[in-house]
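Asks: The sequence and its predicted three-dimensional model are supplied below.
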Amino acid sequence: MIRRKPLKAKRGLQTRSPLTAKSSLKAKKGLTATKSLRPRSKRMEEIYKKRRPLVEDLLKRYPNCQIVWDARCSGASVDVHEVKARSVGGKIVDDDLSNYLTACRHCHMMATDHPKEAHDRGFIKWSWEQ
């Protein structure tokens with residue numbers, strides 16, 4: 001067994017105020033505002049232009065929650081749930097409407113927060129499923 005000596009503090013902690021170092025150019029100029037970032041790329045915005053009418057049409061066509069997870073379901077659909085999510089190979093805009101379910105917020109959150117149970121109930125498909 002190796003014995004070690006306890007570490008000794010040589011000097012205390014020192015504080016530095018942010019952006020006051022002499023070598024910092026920002027400290028001399030000060031912070032300046034830049035233009036804000038786009039929330040989506042131009043390519044994704046074009047895709048979402050096609051998705052918005054699809055979502056509006058689905059919510060009009062199916063005004064009631066199609067998931068009905070439990071008794072806390074509000075009944076009125078406000079979200080569109082994708083059975084095969086984009087993260088596992090689903091499409092943002094799909095011609096096959098069977099990939100979409102309209103849902104209330106509670107049921108949509110329950111389906112996404114509990115994927116195993118949602119899969120067993122048929123509300124989610126895994127990446128290897130058709």
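Replies: That came through fine.

Asks: From here on, just use CA atoms for contacts and neighbour counts.
Replies: OK.

Asks: so who does Asn99 touch?
Replies: Listed by C-alpha atoms under 8 Å, 6 or more residues apart in numbering, the contact partners of Asn99 are 82-84.

Asks: how about 6 Å then?
Replies: 82-83 (C-alpha atoms under 6 Å, 6 or more residues apart in numbering).

Asks: what's the answer for Asn64, then?
Replies: 75-77.

Asks: Dump these to a markdown table, plus secondary structure, neighbour count and pLDDT.
Replies: Output for the contacts of Asn64, formatted as a markdown table (DSSP: H, G, I helix; E, B strand; the rest coil; neighbours: other C-alpha atoms under 10 Å; pLDDT from 0 to 100):
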| residue | secondary structure | neighbour count | pLDDT |
| --- | --- | --- | --- |
| Gly75 | coil | 18 | 93 |
| Ala76 | strand | 16 | 95 |
| Ser77 | coil | 24 | 95 |
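
Asks: Gly122: how many residues sit nearby?
Replies: Applying other C-alpha atoms under 10 Å, we find 12 residues neighbouring Gly122.

Asks: Got the confidence number for it?
Replies: The pLDDT attached to Gly122 in the predicted structure is 94.

Asks: Repeat that for Asp70.
Replies: On pLDDT, Asp70 comes in at 95.

Asks: Next up, phi/psi of the residue nearest to it when sequence neighbours are not counted, please.
Replies: Nearest residue to Asp70 in three dimensions, chain neighbours excluded: Cys107, at 7.7 Å (C-alpha to C-alpha, 6 or more residues apart in numbering). Dihedral pair for Cys107: phi -70, psi -40, per degrees, to the nearest 10.

Asks: Ok, Asn64 next?
Replies: Here is the backbone geometry of Asn64 (degrees, to the nearest 10): phi -100, psi 150.

Asks: sorry, back to before: my read: the residue nearest to Asp70 touches Trp69, true?
Replies: Yes. Counting by C-alpha atoms under 6 Å, Trp69 is a contact partner of Cys107 at 5.3 Å.
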